[in-house]
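Chemist: below: sequence and its predicted model.
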Amino acid sequence: MERPRHQGMAKNTYMRWRLPLVCLLWEVAMIVLFGVFVRFGAEADAHWEEEKREMNLTSDIENDFYFRYPSFQDVHVMIFVGFGFLMTFLKRYGFGAVGFNFLLAAFGIQWALLMQGWFHSFKNGKILIGVENLINADFCVGSVCIAFGAILGKTSPIQLLVMTLFQVTLFSVNEYILLNLLHVKDAGGSMTIHTFGAYFGLTVTRVLYRPNLEQSKDKQGSVYHSDLFAMIGTLYLWMYWPSFNSAISDHGDAQHRSAINTYCSLAACVLTTMAFSSMLQKKGKLDMVHIQNATLAGGVAVGTSAEMMLTPYGSLIVGSISGIVSTVGYVYFTPFLESRLHIQDTCGIHNLHAMPGLIGGIVGAITAAAATEDVYGKEGFIKAFDFTGAYQTRTPSIQGGFQAAGIVVSLLMAFAGGAIVGGILKLPVWGDAAAENCFEDDVYWEVPEDEESDVYHMHNPDKPASP
Amino acid sequence: MERPRHQGMAKNTYMRWRLPLVCLLWEVAMIVLFGVFVRFGAEADAHWEEEKREMNLTSDIENDFYFRYPSFQDVHVMIFVGFGFLMTFLKRYGFGAVGFNFLLAAFGIQWALLMQGWFHSFKNGKILIGVENLINADFCVGSVCIAFGAILGKTSPIQLLVMTLFQVTLFSVNEYILLNLLHVKDAGGSMTIHTFGAYFGLTVTRVLYRPNLEQSKDKQGSVYHSDLFAMIGTLYLWMYWPSFNSAISDHGDAQHRSAINTYCSLAACVLTTMAFSSMLQKKGKLDMVHIQNATLAGGVAVGTSAEMMLTPYGSLIVGSISGIVSTVGYVYFTPFLESRLHIQDTCGIHNLHAMPGLIGGIVGAITAAAATEDVYGKEGFIKAFDFTGAYQTRTPSIQGGFQAAGIVVSLLMAFAGGAIVGGILKLPVWGDAAAENCFEDDVYWEVPEDEESDVYHMHNPDKPASP
Amino acid sequence: MERPRHQGMAKNTYMRWRLPLVCLLWEVAMIVLFGVFVRFGAEADAHWEEEKREMNLTSDIENDFYFRYPSFQDVHVMIFVGFGFLMTFLKRYGFGAVGFNFLLAAFGIQWALLMQGWFHSFKNGKILIGVENLINADFCVGSVCIAFGAILGKTSPIQLLVMTLFQVTLFSVNEYILLNLLHVKDAGGSMTIHTFGAYFGLTVTRVLYRPNLEQSKDKQGSVYHSDLFAMIGTLYLWMYWPSFNSAISDHGDAQHRSAINTYCSLAACVLTTMAFSSMLQKKGKLDMVHIQNATLAGGVAVGTSAEMMLTPYGSLIVGSISGIVSTVGYVYFTPFLESRLHIQDTCGIHNLHAMPGLIGGIVGAITAAAATEDVYGKEGFIKAFDFTGAYQTRTPSIQGGFQAAGIVVSLLMAFAGGAIVGGILKLPVWGDAAAENCFEDDVYWEVPEDEESDVYHMHNPDKPASP
């Protein structure tokens, strides 16, 4: 019942030796590097009892685990179920969406623990990890999931693993420049995760431009139930975004505030998305693409400023604007990017992550520049921006300038990195599919026969669907 | 491939200007009101460091965020995924179920923050919000989601937004009367959320009675996979209900106890639901409608008493009874309500929320009336019922009386409010669909063509399904 | 539109009186036993205020609720959504998978609260419960869900309830022997939950061997969307497994460490699973069965050792190996077990739970035997293995020996218990379906007509599908 394919002629998508080789090679490398470098941090080590005494902690509840673990789990759900299911909207690429996302994220978090560990948790030759490292690794991989959205359905799993390796590396470098060298605040990652991840992915997909992609156009749409699967992803991203933006903020008021700001921004974003989705369509009907994606822009756009004193109404404004920008993007920008700039952006990450990420960076810069001791309190002001040590004399307006610089650096890293990695992925050795087989699980997955015959049957009513 | 419709003749469901207008108008109103009124509470404000010192708190872990945030996220999932997916059981109304639930809840939580804030968190002209406000806003919107269940598939998104505006307002007034004037305990909202929400929705659907609804009868059923989508909603409501009932209880034992009571009640409820589902069907087969809904009645029915010393076996009894009542309701009451009382209750909220909500209110009144210092301990007794200040002299039996009064007030508010709001929604300006187009996503949503042709094809086997 | 069935001839699957009877009888028994035995533990009782003073606790945050409730909810999701949806992969058994799992788990947790309570929380004639008991009850039921995987689609709901009753009982006895008599550590339950549950289930399915099962072979596969539903189960199990393994560990570093070890093991497991899934298939395509199941083996295999100083790289190694073993198992062992040993293992629990469970027990024994005061610190060493009181003089190598003994005991209990319970389930009174009606929801569930006609239509293209 296998229908004839042209893939054999044009492209070799046979994964049998290449994929296992890459997976196993990299896992062995991870084991060796973890063996050499990674150990438990003080709060996860069995020496904790002594540590507790030294730090004068009276209760186990002071362990960072209890401050951050619930948020970590929410972020974990966002990365694996959120991003994974959000991308199942394609009618014949559900396995690839959720399965490849699973693969690249599982590899990425290991590599991210190392890369970020070398930069941020390196002591006496060892990387000491705790729950905050797990969250940061998930965050880092989040930027890869975003980039995956641009090339969804057009790349082989090996290409995704290669991209993950490089993107995690570049992410960590960029993050180090922003957080440590520029001393920028970006707890929810508007710049480090969304701006960087999205423009990186857009550059990669530009380099991998496929002129004949309309050959698989019939598979680029959704079916009724695939749209419902995608809504699972949307809602988990939407609901847990307050945890995302607050997960690594300072203990206490900062985590609390981040969650509230994000909650408000996202609520507002839903209303403006619905409004513009209906308004921009001739028949006034709502479009699931917008509801699935643009409703999330509010979370992206308060990523940098959520832990600042953005205030609830400030969050509503940011959320409202980003919902509008994102929906307009889906209607007008995505077709423009594809036809004029040859950027084929499967999931529309330009609308959901790139533009809202930029808004988030700018809002963060403004909010930082507008900070006063009056609003934050004397101690709160210093704590919120870490104006201690070498940064004791930094003023809000200077901080705002550095925040803005962070956007520029992230963009440059994304363009340069994306161009190089795109070039590597263009090599004809990675087993990507021919244009007419894009957005089709059958290329890399065992697909149940029944269903295939069903779909086949739908498109060929004159032929009987034998099981 | 658009099949001819009669909607154009009978009703104007064109949303293009009306829906955007309402959404944007209301979001602007929210921004203005938030700007004037809403600020961060002490535990989310950057002045927290000073606050901590004043309150003699030694650790950030004492911030209410860490007591309630995990429960908040569970409640959040219940409102958006729980209610949203529970209602996707209809074969052709999945987008509307999950999408409109998303829309009304996102608007509702903003308006609830204001309404509840004015009543409960108003200080020096400002509403000071923290994580408890977010939970309460979600709770309030929960009552709207319940009412939505009664009118699912029969109303336009604008009607839902109008209903949300009014229902949130009335909810907050009713809640204020119960909690502040009657000094009633209702942490899990058997009265404020379920009884009020359900009878409000039932009154609205009564006013909106559609005599010709059998014209869309073929769309009122489920398909195999839509029933599985609905089970996602069911399970998340079921699993997280312990968080729902304990989310705003007092710190410590009260939260702990609420979770245990709810866990027990829900477990028992599943068994009696299964028993009666099989028993009441001629062939003895289980009915997904019961499994999806009646299994949750146990959570509703311990809403008021979960934080009291109901005890685990008390919870099992309440859960068992409510599972039976709810399942019997689906088999006998729902058809009766429709044919005799003209109450068309799409999701059967009368069985899942109204009757169990009443049970919950009554159980709460009895449990309160039966409280003794022996069972609660001297301090625990006072703490559990807040018998301090003006209520210092209140006895358990008087408290029981007030609890009962709370049920009556909630019912009256629901009937009166539902009648008025139903009348408003009956105005012919809101764009609801004609009877033959009810339960059909195609009216308000862009629906993928393939799937539509597929379903079309199923029903018309003699016509080929061209893509 | 009911198609003719042979079930009536061969087997009586009529549930109308039997299922309700069993459910109600058992729920009544639960109510009576709970009434006699179960009360709130000190931290959930209204006397907590006094308790707090006695225990010198200064804050409500010291209540065990705040240490464990987030993990409890994650475990709860694993049991009901995780296991429930993982088993929805069958094309026509989604209702049974998620619905019967719901039923048996809801009953099982009640019985487990009693059984485990008598063994572990019995004071002055009462079982005193708190959040840790809820977690343990969920754990215990987890072992039943595992066994359910082996017999999925081949048993009646009554059989499942009978099995649950016996398996929970045996689980509790086995757990008592291991934890209390052998003083074995097994926080994540590699031995008590996975090894015991899986070999118990495999023995049961061996006893229930159906020689004619190939008659329902066409229903043993998946369809496209049922595989996506199953991925929901997979991902929730995968994401929340760190909570599973850390839920009942000691407060502080042990919970923290368990989560990190599990996170690492699972990440590695995904890569080796993908590698071997592709490598062992002629066309090199990935198989959803492996992705859905073998990716989880890493969580099983660190169940015992996660709270020990396994270290992150140790976890990567264990995860890598278990992914390989599990995938190889699906490709080679499952067919072998079925054809040679007559073990019909619907979900392949031998690969996901049995073998990785054994690995977990062995790794735990080795890790315990290798423990030193140097690695754990003097206090940490004693705390990690509870080397206090009667066990003050136990050495790591002796502990390792006892750990190994725990594996053997679990296996013996599983084989003996499974044989007896399998024998009971073989009695011809429980209403199981004939071989040709296995893996078919229609036997025990009301199934929506439309969909049935749809599927029917797919298989019989020459017959029109009338609605």
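Modeler: That came through, no problem. Since this is a predicted model, take the numbers as computed values, not measurements.
Chemist: contact partners of stretch A:275-283?
Modeler: A:284-287, A:290-291, A:294, A:323-324, A:327-328, A:331, B:14-17, B:19-21, B:23-24, B:27, B:446 (Cβ atoms under 8 Å, 6 or more residues apart in numbering or on different chains). For the C-beta atoms, the positions are set from N, CA and C on the backbone; glycine is no exception.
Chemist: and those, which are buried?
Modeler: Those of the contacts of stretch A:275-283 that meet the buried threshold are A:284-287, A:290-291, A:294, A:323-324, A:327-328, A:331, B:15, B:19-20, B:23-24, B:27, B:446, by 16 or more other Cβ atoms under 10 Å in any protein chain shown.
Chemist: keep only the residues you listed that also lie close to chain C.
Modeler: With Cβ under 8 Å from any Cβ of the partner chain as the criterion, the buried ones among the contacts of stretch A:275-283 include none near chain C.
Chemist: let's see which of these end up in helices.
Modeler: Using DSSP state H to define helices, the subset of these located there is A:290-291, A:323-324, A:327-328, B:19-20, B:23-24, B:27.
Chemist: which residue ranges form the helices in the stretch 351-467 of chain A?
Modeler: All helices of the stretch 351-467 of chain A, identified by DSSP state H, counting those that start in this stretch, fall at A:355-369, A:373-376, A:378-385, A:396-425, A:449-459.
Chemist: ranking those helices by burial, who's on top?
Modeler: helix A:355-369 (a mean of 26; mean count of other Cβ atoms under 10 Å in any protein chain shown).
Chemist: show me what that one is in contact with.
Modeler: By Cβ under 8 Å, 6+ apart, helix A:355-369 touches A:185-186, A:188, A:190-191, A:193-198, A:297-298, A:300-305, A:308-310, A:314, A:318, A:321-322, A:325-326, A:329, A:385, A:396-397, A:399-401, A:403-404, A:406-407, A:410.
Chemist: kindly export that helix (C-alpha atoms) in PDB.
Modeler: Presented in PDB, the C-alpha positions along helix A:355-369 are these (Å, rounded to 0.1, in the frame of the first residue of the first chain):
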ATOM      1  CA  MET A 355       8.600  41.000  16.900                       C
ATOM      2  CA  PRO A 356       7.200  40.400  20.400                       C
ATOM      3  CA  GLY A 357      10.800  39.700  21.600                       C
ATOM      4  CA  LEU A 358      11.900  43.000  20.200                       C
ATOM      5  CA  ILE A 359       9.000  44.700  21.900                       C
ATOM      6  CA  GLY A 360      10.000  42.900  25.100                       C
ATOM      7  CA  GLY A 361      13.600  44.100  24.800                       C
ATOM      8  CA  ILE A 362      12.500  47.700  24.200                       C
ATOM      9  CA  VAL A 363       9.900  47.700  27.000                       C
ATOM     10  CA  GLY A 364      12.600  46.300  29.300                       C
ATOM     11  CA  ALA A 365      15.000  49.100  28.400                       C
ATOM     12  CA  ILE A 366      12.400  51.800  28.900                       C
ATOM     13  CA  THR A 367      11.200  50.300  32.200                       C
ATOM     14  CA  ALA A 368      14.700  50.100  33.500                       C
ATOM     15  CA  ALA A 369      15.500  53.600  32.400                       C
END
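Chemist: run the chain-centre distance for it.
Modeler: 18 Å (Cα atoms, centre = their mean, to the nearest Å).
Chemist: do the same with stretch A:293-307
Modeler: 12 Å.
Chemist: mean confidence for that stretch?
Modeler: Average pLDDT, stretch A:293-307: 97.
Chemist: spell out which residues of the stretch 301-450 of chain A are next to chain C.
Modeler: A:444-450.
Chemist: strands along the stretch 51-200 of chain A, start to end?
Modeler: A:122-123, A:126-129 (DSSP state E, counting those that start in this stretch).
Chemist: ok, and for the last one, which residues are buried?
Modeler: This means strand A:126-129. For strand A:126-129, burial by neighbour count (16+ other Cβ under 10 Å) applies to A:127-129.
Chemist: elements contacting that strand?
Modeler: For strand A:126-129, the packing partners by 3 or more Cβ pairs under 8 Å, 6 or more residues apart in numbering or on different chains; DSSP states H and E come out as strand A:38-40, helix A:94-120.
Chemist: residue of chain A nearest chain B, please.
Modeler: Using Cβ to the nearest Cβ, the closest approach of chain A to chain B is made by A:Gly284 at 2.9 Å.
Chemist: correct me if wrong: that residue contacts B:Leu21.
Modeler: No - contact criterion Cβ atoms under 8 Å: A:Gly284 and B:Leu21 do not qualify, at 11.3 Å.
Chemist: now do the shared contacts for the two.
Modeler: By Cβ under 8 Å, 6+ apart, no residue touches both A:Gly284 and B:Leu21.
Chemist: could the strands of the stretch 51-200 of chain A go into JSON lines alongside mean pLDDT and distance to B:Ala370?
Modeler: Listed next are the strands of the stretch 51-200 of chain A as JSON lines, based on pLDDT from 0 to 100; distance: least, Cβ to Cβ, whole Å:
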{"stretch": "strand A:122-123", "mean pLDDT": "96", "distance to B:Ala370": "59"}
{"stretch": "strand A:126-129", "mean pLDDT": "98", "distance to B:Ala370": "52"}
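Chemist: now render those as TSV, adding distance to B:Thr346.
Modeler: Listed next are those as TSV, based on distance: least, Cβ to Cβ, whole Å:
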stretch	distance to B:Thr346
strand A:122-123	59
strand A:126-129	50
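Chemist: next up, the contacts around A:Tyr240.
Modeler: A:Tyr240 neighbours (Cβ under 8 Å, 6+ apart): A:74-75, A:77-78, A:82, B:73.
Chemist: any regions of chain A where pLDDT drops low?
Modeler: By pLDDT under 70, the low-scoring segments of chain A are A:1-10, A:450-467.
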